[in-house]
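Enquirer: this one's structure only:
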C-alpha cells in the first residue's frame with residue numbers, strides 16, 4: 001500500500017506492547033515499566049517534542065517528504081498520552097519515596113519538562129546542644145577547679161561538692177592525731193548504712209553528739225541515754241552502731257594506756273609508712289586486703305566492735321595508711337609528698353631524741369665520776 005505511515009491506536013493496558021509502523025520499519029514501543037528509571041525516558045520525550053517543534057518551524061523543502069496533517073495530529077495525541085502516562089508513573093514513584101510527601105511534580109505540556117517544587121521546607125537534622133541551666137546568677141556548670149584538676153575516676157562533675165572537697169583535702173592524707181583517727185574510724189563504720197556524701201553532710205552533728213570524737217570523753221557516755229528513741233544520735237545511725245562507737249572508745253583508751261597513743265598502735269601495722277598502691281584504673285582498687293584482715297582480727301581480739309576487714313580498709317584509705325588515689329589523680333603525688341615529709345619529721349625527731357638521750361647519759365656519767373673522785 002502507498003501513502004503516509006499509519007499509526008494503529010490500541011486501547012489496551014499500558015503494560016502491553018504497542019506496535020508502530022514507521023518509515024524505518026516495524027518498531028516496538030514498550031511500556032515505561034520495562035525501561036530504565038524515569039529520568040532517561042523524560043529526556044527522550046523532551047528531545048522528541050523539541051524535534052517535533054523544529055520540524056514544524058522549519059518544514060522540509062521536499063513536499064513529498066513532509067508528513068500529512070493527520071500524522072502530526074496522531075503524533076501529538078500519542079505524545080500527550082505519553083506525558084499523561086509519565087506523569088501518573090512519576091507521581092506513583094514519588095509517593096513511594098520518603099521525600100515525596102513534601103514535593104509535587106508539575107509538567108508543562110508544551111515542552112514536556114518536569115519541574116519539582118517543594119511545598120514545605122525540608123526538615124533539618126536535629127543536633128543536640130549542650131545546655132547550661134542558669135538560675136539567677138549561678139550556673140550548674142562544673143567549677144573551674146573541677147575542670148583544671150584531674151581527679152580519681154569516681155569523682156565526676158556530678159559528684160557532690162562536699163565529697164569533692166573531702167577527696168581533695170582529706171582522703172588519703174596521712175593522719176596521726178588520735179581524735180582524728182577515732183573520728184575516721186567512726187565514719188568508716190557508718191559507711192555500712194550511709195554514703196560518704198550523706199555522712200559528710202551530717203559530720204557536724206556527729207561531732208556535736210560524740211564530743212568532737214574525744215575517745216576519753218566518749219568512753220564515759222551512758223549508752224541508754226545515747227540510744228534513747230528520739231535522741232539526736234538515734235537519727236544518725238542504728239542503735240547497734242551507737243553502742244559499738246562507745247565500746248570502741250573504751251578500747252581505744254586501753255590502747256592509749258598500753259602504747260602511749262592510738263596512732264602508735266594502728267600505724268605499727270604498716271611500719272609507720274603508707275602503702276603506695278599505684279593503681280591506674282578504679283577496678284583495681286580492692287574492697288579489702290590481707291593487711292586489713294590482720295588489723296581487723298587484732299582489733300576484734302582487743303574487744304572492738306563493727307570493725308570488719310571492709311570497714312578497716314575504708315579506714316586505712318581515708319586515714320592515709322594506704323594511698324589508693326589513682327596515679328593520674330593530682331592527689332596521688334600530694335599524699336606521697338606528705339608521707340615523705342612526715343617520715344623525715346619522725347626520723348629527725350628520733351635522731352634528736354637519741355642525741356638528747358646520749359647527752360643525758362654522758363652528763364650522768366660525768367656526775368658519777370665527779371662524785372666518785374670526791375669520795
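Expert: Cool, the structure landed. Here the structure is a predicted model, which is why all the values come from computation and not from measurement. Residues are numbered from 1 along each chain as shown.

Enquirer: neighbours around residue 193, how many?
Expert: By the criterion of other C-beta atoms under 10 Å, residue 193 has 13 neighbours. No exception for glycine: its C-beta is placed from N, CA and C like everyone else's.

Enquirer: state the distance from the residue nearest to it when sequence neighbours are not counted to residue 302.
Expert: Leaving aside its sequence neighbours, residue 193 sits nearest to residue 237 (C-beta to C-beta, 6 or more residues apart in numbering; 5.6 Å). According to C-beta to C-beta, to the nearest Å, residue 237 and residue 302 sit 22 Å apart.

Enquirer: pick out whichever of these two has more residues nearby.
Expert: residue 237 (20 against 15).

Enquirer: what sits against the more buried one?
Expert: Residue 237 makes contact with 190, 193, 194, according to C-beta atoms under 8 Å, 6 or more residues apart in numbering.

Enquirer: would you agree the first one is in contact with residue 199?
Expert: Yes - with contacts defined as C-beta atoms under 8 Å, residue 190 counts as touching residue 199 at a distance of 5.5 Å.

Enquirer: between the two, what contacts are shared?
Expert: Contacts common to residue 190 and residue 199, judged by C-beta under 8 Å, 6+ apart, are residue 206.

Enquirer: neighbours of residue 229, how many?
Expert: When counting by other C-beta under 10 Å, one arrives at 7 neighbours for residue 229.

Enquirer: show me the contacts for it.
Expert: Applying C-beta under 8 Å, 6+ apart to residue 229 gives no contacts.

Enquirer: ok, and what's touching stretch 333-346?
Expert: So stretch 333-346 is contacted by 172, 173, 174, 176, 272, 273, 274, 276, 320, 323, 325 (C-beta under 8 Å, 6+ apart).

Enquirer: stretch 315-324 too?
Expert: Stretch 315-324 has contacts (C-beta under 8 Å, 6+ apart) with 170-175, 181, 184-185, 187-188, 266-267, 269-270, 274-277, 279, 285, 289, 291-292, 295, 313, 332, 335-336, 338-339.

Enquirer: please apply the same query to stretch 277-286.
Expert: Residues outside stretch 277-286 that contact it (C-beta under 8 Å, 6+ apart) are 152, 153, 154, 313, 322, 323, 324, 326, 327, 328.

Enquirer: put the buried members of those into a PyMOL selection.
Expert: Buried members of those, defined by 16 or more other C-beta atoms under 10 Å, are picked up in PyMOL with:
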select buried, resi 152+313+322+323+324+326
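
Enquirer: what residue ranges in this structure score low on pLDDT?
Expert: Residues of the chain that meet the criterion pLDDT under 70 lie in 1-76, 85-147, 346-375.

Enquirer: helices of that one, start to end?
Expert: Taking DSSP state H as the test, the helices found in the chain are 39-57, 69-96, 144-148, 161-169, 178-190, 196-201, 203-209, 215-218, 223-226, 239-259, 262-267, 290-302, 309-318, 330-374.

Enquirer: and the contacts of stretch 333-346, which of them are in strands?
Expert: 276, 323 (DSSP state E).

Enquirer: show me which pair in the contacts of stretch 333-346 is furthest apart.
Expert: Greatest spacing in the contacts of stretch 333-346, by C-beta to C-beta: 272 and 325 (19.9 Å).

Enquirer: these two - which one has more neighbours?
Expert: In terms of neighbours (other C-beta under 10 Å), residue 325 is the more surrounded of residue 272 and residue 325; the figures are 25 against 16.

Enquirer: please report how far the more buried one lies from residue 317.
Expert: For residue 325 relative to residue 317 (C-beta to C-beta), the value is 9 Å.

Enquirer: need the overlap of contacts for those two.
Expert: With C-beta under 8 Å, 6+ apart as the test, residue 325 and residue 317 both reach 171, 172.

Enquirer: show me what stretch 207-220 is in contact with.
Expert: Contacts to stretch 207-220, defined as C-beta under 8 Å, 6+ apart, come from residues 178-180, 182-183, 186, 206, 226, 232-233, 236, 245-246, 249-250, 252-253, 256, 262.

Enquirer: who's in contact with the nearest residue to residue 245 once chain neighbours are set aside?
Expert: In this structure, residue 245 finds its nearest non-sequential neighbour in residue 186, 5.5 Å apart by C-beta to C-beta, 6+ apart. Neighbour list for residue 186: 206, 210, 213, 245, 248 [criterion: C-beta under 8 Å, 6+ apart].

Enquirer: give me the buried subset of the contacts of stretch 207-220.
Expert: Taking 16+ other C-beta under 10 Å as the criterion, what is buried in those is 178-179, 182-183, 186, 206, 226, 233, 236, 245-246, 249-250, 252-253, 256, 262.

Enquirer: now do the same contact list for the closest residue to residue 325 other than its chain neighbours.
Expert: Nearest residue to residue 325 in three dimensions, chain neighbours excluded: residue 332, at 4.1 Å (C-beta to C-beta, 6+ apart). The neighbourhood of residue 332, defined by C-beta under 8 Å, 6+ apart, consists of 323, 325, 326.

Enquirer: you'd agree the second one is up against residue 172?
Expert: Think residue 325. Yes - the pair residue 325 / residue 172 is scored as a contact, 5.2 Å apart, by C-beta under 8 Å.

Enquirer: what touches both of those two?
Expert: The contact lists of residue 325 and residue 172 share 331, 335, where a contact means C-beta under 8 Å, 6+ apart.
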